[in-house]
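Q: Below are the sequence and a predicted model; questions follow.
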Number of protein chains: 2
Amino acid sequence: MTVTEELVDRLVAFRSHVGRSSTAERVADVLRGQLIEGTLAPGARLSEEAIGSALGVSRNTLRESFRLLGHERLLVHEFNRGVFVAKPTADDVVDLYRARRPQELAALRAAEHAPDEAIARVGEALARGERAYGDGDWWGIGTENMRFHEAIAALAGSPRVDEFVRRLLAELRLVFHVMSVPREFHAPYLGRNREIYELLRAGRVEAAADHLAAYLDDAEHQLVEAFTTLDGR
Amino acid sequence: MTVTEELVDRLVAFRSHVGRSSTAERVADVLRGQLIEGTLAPGARLSEEAIGSALGVSRNTLRESFRLLGHERLLVHEFNRGVFVAKPTADDVVDLYRARRPQELAALRAAEHAPDEAIARVGEALARGERAYGDGDWWGIGTENMRFHEAIAALAGSPRVDEFVRRLLAELRLVFHVMSVPREFHAPYLGRNREIYELLRAGRVEAAADHLAAYLDDAEHQLVEAFTTLDGR
DNA sequence: ACCCGAGGATTGTTCAACAATCCTCAGATT
DNA sequence: AATCTGAGGATTGTTGAACAATCCTCGGGT
């Protein structure tokens, strides 16, 4: 392999960063950030006029962005009524866990064939989470916890699974906002993440999967519990 | 529960059929049909001008449709170049099976909690497939085989999983076209579908899952095989 | 308290226009 | 002959305005 061929190979990885020139996608990125950050409250209506002029894009372009986020279930589009920030219910929580559980568990069980690099990324997310804990950065803990599970799903080495799980976790963030989950919610799971990671690194993937299964059951239960007690909606 | 309340409950199920008033979605439906039917060859470029005027919709509306189908990976959108019918590779086949396997297997294993209605739907798809076989309707066999697996995934009772799997299977149809799979491809799997269904009905979900796992492995293998031998690309 | 309808606001869709980019292909260069 | 180059045309990206369709609000009437 020549030098230029090597360069070309390396450049291919950046293609996605270069190609994203579409305004609609950039707008979607901005809005997605505001959504998972919680700046836009669940249930709120997004006016085409207001947001379009605020971001300096035309209504047509903005509508393309809305479609993108609608397909990620972050926005719901009601015909002739407008788009609203999704407002997940307890049923959605159950569904989200039902959808992610098989993928994450399967990815973990297949981790023997995963490249070391992928396993390392799990550890990195965990480390960042623990650092955030040390700093008392509660929001950071949540973010890195999300990354941790993204990294676990990525062990399967499937772009489609990656995207699916990423979407589910983004939606889960909306759940945290709609029920204003306590800031310390994620902290207890940090220790369990470490256990799972250690088992994974030791090659004991079955034990790791069992741990994760219990983890997911507990988290789902806790969320549904909080939903049905604190909130009638 | 009063009579009208019962009626209302029944009507809710039709909401999705009523609300789809958007032209963009109707256009997407038409195009999706043509795509999985094979009328639009993989790799072909879809001109906004040509298709827009052919369907009598404006470019803006058509672009919304393109976005929808792009997110289903049936079309690929290349910036400033246009949209093309997706052209799956052998890697995509591997990925598609990697993504659907955990969901279908998990759904089958959890089938004990599935309502009888959902199990019945699996049987109906199977029956329709067998009828198509009797009629020598090869395309119908493929369609019903797809429905069969959709129904299996639906045993999980998760809308998100349903949508995910439906999307994967639609993409798989594109694979069949890009490699012009022989018309008898699906027939041998019909018998295995019945075995799986019988085990499912007998409540032997673990055995059914094992069967399905072998089924998926074989199908994936056969497709990848055909890809690497018949076709260089 | 409830029904009703007019008016205004918002969305759905189209059209036309222009900038930005890509593709083609003839001509020049080596 | 093969490759480079650039002009021109075609296509996409995005905008702005316009109008129809629909929804929401808010009085007035019963």
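A: On my side now, so go ahead.
Q: Going along the chain, name the strands of chain A.
A: Using DSSP state E, the strands of chain A run over residues A:45-46, A:75-78, A:82-85.
Q: would you list the ones you listed in TSV and tack on mean pLDDT, mean neighbour count and distance to B:Glu37?
A: All C-beta spots, glycine's among them, are computed from the backbone N, C-alpha and C. Below are those laid out as TSV (pLDDT from 0 to 100; neighbours: other C-beta atoms under 10 Å in any protein chain shown; distance: least, C-beta to C-beta, whole Å):
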stretch	mean pLDDT	mean neighbour count	distance to B:Glu37
strand A:45-46	96	16	36
strand A:75-78	94	16	27
strand A:82-85	95	19	32
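Q: need the ones you listed in TSV with distance to B:Arg98, can you?
A: Supplementary listing: the strands of chain A in TSV, determined by distance: least, C-beta to C-beta, whole Å:
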stretch	distance to B:Arg98
strand A:45-46	36
strand A:75-78	29
strand A:82-85	33
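Q: closest one to B:Gly123 among the ones you listed?
A: strand A:75-78 (34.0 Å; C-beta to C-beta).
Q: can you tell me which of the strands of chain A comes nearest to B:His186?
A: strand A:75-78 (36.0 Å).
Q: Show residues contacting the closest one.
A: A:35, A:46, A:66-67, A:69-70, A:83-86 (C-beta atoms under 8 Å, 6 or more residues apart in numbering or on different chains).
Q: The strands of chain A: which one's closest to B:Ala213?
A: strand A:75-78 (36.2 Å).
Q: Which residue ranges of chain A form helices?
A: For chain A, the helices defined by DSSP state H occupy A:3-12, A:15-19, A:23-37, A:48-55, A:59-71, A:90-109, A:116-134, A:138-154, A:159-178, A:187-201, A:205-230.
Q: ok so, going back, which among the strands of chain A is found nearest to A:Val165?
A: That would be strand A:75-78 among these, by C-beta to C-beta, at 19.5 Å.
Q: is DNA strand C contacted by that closest one?
A: Yes. Against DNA strand C, strand A:75-78 shows contacts by C-beta under 7 Å from any atom of the strand at A:His77.
Q: What strands line up against that strand, and which way round?
A: According to DSSP bridges, strand A:75-78 forms sheet pairs with strand A:82-85 (antiparallel).
Q: Is DNA strand C within reach of the strand it pairs with?
A: Yes. With C-beta under 7 Å from any atom of the strand as the measure, strand A:82-85 is seen reaching DNA strand C through A:82-83.
Q: contacting residues around that strand?
A: Contacts of strand A:82-85 (C-beta under 8 Å, 6+ apart): A:35, A:40-48, A:66, A:69-70, A:74-78, A:174.
Q: Where does pLDDT dip in chain A?
A: Residues of chain A meeting the criterion pLDDT under 70: A:1-21, A:230-233.
Q: Show me the domain layout of it.
A: Chain A breaks down by automatic domain parsing into domains covering A:3-85, A:90-230.
Q: List just the one of the ones you listed that sits closest to B:Val93.
A: Going by C-beta to C-beta, the one of the domains of chain A nearest B:Val93 is domain A:90-230, 11.6 Å.
Q: DNA strand C contacts on chain A?
A: A:45-49, A:59-60, A:63, A:77, A:79-83.
Q: Please repeat the previous calculation with a cut-off of 10 Å.
A: Within chain A, the positions adjacent to DNA strand C are A:19, A:21, A:45-52, A:58-60, A:62-63, A:66-67, A:77-84 by C-beta under 10 Å from any atom of the strand.
Q: Of those residues, which fall within the contact range of DNA strand D?
A: Checking the residues of chain A next to DNA strand C against DNA strand D (C-beta under 10 Å from any atom of the strand), the matches are A:21, A:45, A:48, A:52, A:58-60, A:62-63, A:78-82.
Q: Just list the residues touching the residue most central in space within chain A, thanks.
A: Nearest to the geometric centre of chain A sits A:Leu169, at 3.1 Å (C-alpha atoms, centre = their mean). Going by C-beta under 8 Å, 6+ apart, A:Leu169 touches A:100, A:146, A:149-150.
Q: Can you check these and name whichever has the most neighbours?
A: Per-residue neighbour counts (other C-beta atoms under 10 Å in any protein chain shown) across the contacts of A:Leu169 peak at A:His149, which has 27 neighbours.
Q: what number of residues lie near the closest residue to A:Ser158 other than its chain neighbours?
A: Computed as C-beta to C-beta, 6 or more residues apart in numbering or on different chains, the closest residue to A:Ser158 that is not its neighbour in sequence is B:Arg98, at 4.4 Å. For B:Arg98, the count of nearby residues is 21 (other C-beta under 10 Å).
Q: From A:Val161, how far out is B:Arg98?
A: The spacing between B:Arg98 and A:Val161, counted by C-beta to C-beta, to the nearest Å, is 7 Å.
Q: Verify the stated contact: A:Leu105 with A:Ala213.
A: Yes. Counting by C-beta atoms under 8 Å, A:Ala213 is a contact partner of A:Leu105 at 6.1 Å.
Q: Which positions in chain A make contact with DNA strand D?
A: A:20-27, A:45, A:48, A:52-53, A:55-65, A:78-82.
Q: Can you select the buried ones from these in PyMOL?
A: For the buried members of the residues of chain A next to DNA strand D, the matching PyMOL selection, counting by 16 or more other C-beta atoms under 10 Å in any protein chain shown, is:
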select buried, chain A and resi 22+24+25+27+52+57+60+61+62+63+64+65
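Q: re earlier: so which of the contacts of strand A:75-78 is the closest to DNA strand D?
A: A:Phe84 (10.5 Å; C-beta to the nearest atom of the strand).
Q: What residues are bridge-paired with the closest one?
A: A:Arg45, A:Val76.
Q: gap between the nearest residue to A:Leu69 once chain neighbours are set aside and A:Arg101?
A: Closest residue in space to A:Leu69, ignoring its immediate chain neighbours: A:Leu75 at 4.4 Å, by C-beta to C-beta, 6+ apart. Distance, A:Leu75 to A:Arg101, by C-beta to C-beta: 25 Å.
Q: Same question for A:Val30.
A: For A:Val30, the distance to A:Arg101 - C-beta to C-beta - is 31 Å.
Q: Between the two, which is the more surrounded one?
A: Legend: neighbour count by other C-beta under 10 Å for A:Val30 and A:Arg101, higher for A:Arg101 (21 against 13).
Q: A:Tyr215 is in contact with the more buried one, correct?
A: No. Using C-beta under 8 Å, A:Arg101 is not in contact with A:Tyr215; the gap is 10.1 Å.
Q: Run a quick neighbour tally on A:Phe66.
A: Neighbours around A:Phe66, by other C-beta under 10 Å: 22.
Q: Check whether it really touches A:Leu46, as I assumed.
A: Yes. Shown here, A:Phe66 and A:Leu46 form a contact pair, counting by C-beta under 8 Å, at 7.3 Å.
Q: Please save the CA atoms from stretch A:63-76 in PDB.
A: What follows is stretch A:63-76, C-alpha atoms only, in PDB (Å, rounded to 0.1, in the frame of the first residue of the first chain):
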ATOM      1  CA  ARG A  63     -39.500  21.900   8.000                       C
ATOM      2  CA  GLU A  64     -36.900  19.500   6.600                       C
ATOM      3  CA  SER A  65     -35.200  19.700  10.000                       C
ATOM      4  CA  PHE A  66     -38.400  19.000  11.800                       C
ATOM      5  CA  ARG A  67     -38.900  15.900   9.700                       C
ATOM      6  CA  LEU A  68     -35.500  14.600  10.700                       C
ATOM      7  CA  LEU A  69     -36.100  15.100  14.400                       C
ATOM      8  CA  GLY A  70     -39.600  13.700  14.000                       C
ATOM      9  CA  HIS A  71     -38.100  10.500  12.700                       C
ATOM     10  CA  GLU A  72     -35.900  10.300  15.800                       C
ATOM     11  CA  ARG A  73     -39.100  10.700  17.800                       C
ATOM     12  CA  LEU A  74     -37.700  13.700  19.600                       C
ATOM     13  CA  LEU A  75     -40.400  15.800  18.000                       C
ATOM     14  CA  VAL A  76     -44.000  14.800  17.200                       C
END
